[in-house]
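Pasted the sequence and its predicted model underneath.
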Amino acid sequence: MAKKFIVFTTGRTGSTALMDYLEAFDDIGVPNKNIHCPDNELVHPARIREIANQYQVLCKVPITCQDVLIQQFFKYNKNYAFAGFKSMPPRHDNLQELIARQDIKFIILTRDDVYSTVASFFVAIHTGSWRRGGGPQQIKWHFRPEHEKQVFGHLHYIYESHILLKDIKNAVRISYEDLCRPDFQQQALEDFFGRVVKIANPKPPVSARDYVLNWDAFKQFIDANRAKLGF
């Protein structure tokens, strides 16, 4: 029976790079080894119906909800030593039941630099540049008043995610900033997987200060709204 894990993230935290690293091992089952699912996000809202239909064919059982999809994913991958997927806490209908499970190891990835998390979301959505290999951000962005609603939405989502992630007890917690270090080592992660776990070709985190052209205005907006949220 596979040891189960879920990589929970707020997004823009190196989680895709971590999943790519884990996927390369023959004894670790992830969605992309079963179906075409390159980001290994089992319950991605834009694709969950398509993903559920594909697992319904593979598992030969009706998949009518998230809980059944997760159950069947782990069952289908039971012959691996490990099986897991990536997700984001607000996407789960029954999150409290899920995180109460003692048979799943939760790996939580967050980013200390909230400014850069928000800016990275904005740029990724507007350019489609969800996958990045690290290094300087080539796209420059001028934060404008018409961006405020969307930027606040990203900030609120990150705030909400942090609150939900705090409730998870059976968890290994990693910051993006640590994950990007060439000498990164997380003993609890290595104990679970029985090997060194890191990302390939780590590079220093990119700061929004380097590509948001009116950085001071952007920072002021984020600071003011973090204060309102108590974040």
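Done, it's in.

Can you pull out the low-pLDDT segments for the protein?
129-135 (pLDDT under 70).

how about the helices of it, start to end?
Taking DSSP state H as the test, the helices found in the chain are 15-23, 48-59, 66-76, 95-99, 114-127, 148-166, 176-179, 187-193, 215-229.

Next, the buried residues of the fourth one.
Just to be clear, that refers to helix 95-99. 95, 98, 99 (16 or more other C-beta atoms under 10 Å). Yep, even glycine has a C-beta here, placed from its N, CA and C like the rest.

how near is the closest residue to the first one other than its chain neighbours to residue 8?
When you say that, I think you mean residue 95. Leaving aside its sequence neighbours, residue 95 sits nearest to residue 89 (C-beta to C-beta, 6 or more residues apart in numbering; 5.7 Å). For residue 89, the distance to residue 8 (C-beta to C-beta, to the nearest Å) stands at 6 Å.

Apart from its neighbours in sequence, what residue is nearest residue 2?
residue 83 (3.9 Å).

Report the beta-bridge partners for the one you found.
Here residue 83 sits in beta bridges with residue 4, residue 29, going by DSSP bridges.

What of the one 4 residues further on?
Going by DSSP bridges, residue 87 is paired in beta bridges with residue 8.

residue contacts, it?
By C-beta atoms under 8 Å, 6 or more residues apart in numbering, the contact list for residue 87 reads 6, 7, 8, 9, 41, 42, 43.

just residue 179 next, same as before
So residue 179 contacts 13, 14, 17, 18, 109, 198, 199, 202 (C-beta under 8 Å, 6+ apart).

Which residue is the nearest non-sequential neighbour of residue 159?
residue 231 (4.4 Å).

how many other residues sit next to the one you found?
15 (other C-beta atoms under 10 Å).

Distance-wise, check it relative to residue 223.
10 Å.

swap in residue 32?
Taking C-beta to C-beta, one finds residue 32 at 39 Å from residue 223.

neighbour-wise, which of these two wins?
Neighbour comparison, residue 32 and residue 223: the larger count goes to residue 32, with 16 against 11 (by other C-beta under 10 Å).

Quick check: that one vs residue 105, distance?
From residue 32 to residue 105 the distance is 19 Å (C-beta to C-beta).

hmm, back to that, so the residue nearest to residue 2 makes contact with residue 73?
Yes: contact criterion C-beta atoms under 8 Å: residue 83 and residue 73 qualify, at 7.3 Å.

Thought residue 116 was touching residue 222, still the case?
No: counting by C-beta under 8 Å, residue 222 sits too far from residue 116 to count as a contact (10.2 Å).

ok so, going back, got JSON lines for the contacts of residue 179, with distance to residue 227 and neighbour count too?
Formatted as JSON lines, the contacts of residue 179 follow (distance: C-beta to C-beta, whole Å; neighbours: other C-beta atoms under 10 Å):
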{"residue": "13", "distance to residue 227": "23", "neighbour count": "25"}
{"residue": "14", "distance to residue 227": "28", "neighbour count": "24"}
{"residue": "17", "distance to residue 227": "32", "neighbour count": "23"}
{"residue": "18", "distance to residue 227": "32", "neighbour count": "24"}
{"residue": "109", "distance to residue 227": "25", "neighbour count": "24"}
{"residue": "198", "distance to residue 227": "36", "neighbour count": "19"}
{"residue": "199", "distance to residue 227": "33", "neighbour count": "21"}
{"residue": "202", "distance to residue 227": "33", "neighbour count": "17"}
